[in-house]
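> Fold the following for me, if possible:
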Amino acid sequence: MTIHSHDILPATGRPFVAVCGITSRSQADCAAAFGARCLVFDFHSSGVRRVSVEQAAHIASSNVSRLGCFDADDFSKIRSAMLCARLDFAVLHGSCEPVVAARELGTRRIIRAISGAAVTQEVLDAWTPHCSGFLLHAEDEVQLQRIAVLKTDLPRILRFDGCREAYRGLRPDGVALDALESRALLSEIQAVYSA
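Alright, predicted model coming up:
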């Protein structure tokens, strides 16, 4: 069973956790055991934790959503990868037109990734009719605070590599963490929920 776009918002009022950089079954199992709602596979050509489509296809999962991070340059290739790796969503990085992406992949299958340096209210407004949510990556606390004031009705998954206390008061719908060893991942998830 997977989680679909209409189910991605948490019912508990607490942020759900998306674990990025999954490269093995043990990481997927660990993330799911500690409550992750999304597993994120990296298909970027220059990704640090890059996996092939075939590798991702062989990593079993249940009761979690499967996301794949892609450079938005070849929609045919993305569609094939999504089918082969059983992905629920394509997380699109890079330059592309919202209307074209939605036509090629389907609005309900896209999560738009935007860096904290590039995100504006206008960008969110342009993408909102054409995607199911946003993955917003803040590089510092200034960007984090800028993201906090932006408005959208779609789920916001926030990625910030700094202090988890900085999440306090921001109330993102989801939080993206890196795949780590089990103890570290558990402590990260607890820190996010307590903040």
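> Quick one: find the helix or strand in this structure with the lowest mean pLDDT.
Least confident element among the helices and strands of the chain, by mean pLDDT, DSSP states H and E: helix 182-194 (a mean of 64).
> Helices of this structure, residue ranges please.
Assigned by DSSP state H, the helices in the chain fall at 25-33, 53-57, 75-84, 98-105, 121-127, 141-148, 182-194.
> Pipe these into JSON lines and attach distance to residue 158 and mean neighbour count per row.
For every residue, glycine as well, the C-beta is placed using N, CA and C. Converted to JSON lines, the helices of the chain look like this (distance: least, Cβ to Cβ, whole Å; neighbours: other Cβ atoms under 10 Å):
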{"stretch": "helix 25-33", "distance to residue 158": "17", "mean neighbour count": "17"}
{"stretch": "helix 53-57", "distance to residue 158": "24", "mean neighbour count": "16"}
{"stretch": "helix 75-84", "distance to residue 158": "24", "mean neighbour count": "16"}
{"stretch": "helix 98-105", "distance to residue 158": "21", "mean neighbour count": "16"}
{"stretch": "helix 121-127", "distance to residue 158": "13", "mean neighbour count": "15"}
{"stretch": "helix 141-148", "distance to residue 158": "7", "mean neighbour count": "16"}
{"stretch": "helix 182-194", "distance to residue 158": "10", "mean neighbour count": "15"}
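> Would you reformat those as a markdown table and include distance to residue 68?
As requested, the helices of the chain are arranged in a markdown table below (distance: least, Cβ to Cβ, whole Å):
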| stretch | distance to residue 68 |
| --- | --- |
| helix 25-33 | 13 |
| helix 53-57 | 7 |
| helix 75-84 | 6 |
| helix 98-105 | 11 |
| helix 121-127 | 18 |
| helix 141-148 | 23 |
| helix 182-194 | 20 |
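> Nearest approach to residue 18 belongs to which of those?
Smallest distance to residue 18 across the helices of the chain (Cβ to Cβ): 8.9 Å, for helix 25-33.
> Give me the helices and strands touching the closest one, please.
Contacts defined by 3 or more Cβ pairs under 8 Å, 6 or more residues apart in numbering; DSSP states H and E place helix 25-33 against strand 16-20, strand 38-42, helix 182-194.
> how far off strand 16-20 does it point, in degrees?
Using axes from the mean of the first three to the mean of the last three Cα atoms, to 10 degrees, the interaxial angle of helix 25-33 with respect to strand 16-20 works out to 170 degrees.
> got the contact list for helix 25-33?
Residues outside helix 25-33 that contact it (Cβ atoms under 8 Å, 6 or more residues apart in numbering) are 17, 19, 21-22, 39, 58-64, 179, 182, 185.
> Would you mind giving me the ChimeraX syntax to select the buried ones in these?
Filtering the contacts of helix 25-33 down to the buried ones (16 or more other Cβ atoms under 10 Å) takes a single ChimeraX command:
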select :17,19,21,22,39,59,61,64,179,185
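> between the contacts of helix 25-33, which is closest to residue 87?
Out of the contacts of helix 25-33, the member with the shortest distance to residue 87 (by Cβ to Cβ) is residue 39, at 9.6 Å.
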